[in-house]
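In: Sequence isn't available, so here's the structure alone:
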């Protein structure tokens, strides 16, 4: 069949079942999704750590300029955290969360 596709399209046809297991499960895709989900959880954790980190320094800051800088950094970390949490929720709604 490969030679037919090569003659017809000028290229080899990719096997649509490549990477699938005995029951048609695309293990490569599942593995990639699981890794992406772990990455999202790690990103969520790191954003929370960042918020705690900057909050600590905000409380210790002695001048208003320093406090304002830490407030902005906390706000940015919270924005990042919301983005990650929204992505997690989207994955759950689509059934990609394991």
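Out: On my side now, so go ahead. Computed from a predicted model, the values in this text were never measured in an experiment.
In: longest helix anywhere in the protein?
Out: Ranked by number of residues, the top helix in the chain under DSSP state H is helix 27-60.
In: what about it, distance to the chain center?
Out: With CA atoms, centre = their mean, to the nearest Å as the basis, helix 27-60 stands 9 Å off its chain's centre.
In: Which other helices and strands does it contact?
Out: In terms of contacts (3 or more CB pairs under 8 Å, 6 or more residues apart in numbering; DSSP states H and E), helix 27-60 is packed against helix 64-94. For glycine as for every other residue, the C-beta is placed from the backbone atoms N, C-alpha and C.
In: list the buried ones in the helix it packs on?
Out: The neighbour-count check on helix 64-94 (16 or more other CB atoms under 10 Å) flags 70, 73-74, 77, 80-81, 84, 88, 91 as buried.
In: helices or strands up against that helix?
Out: For helix 64-94, the elements it packs on are helix 27-60, judged by 3+ CB pairs under 8 Å, 6+ apart.
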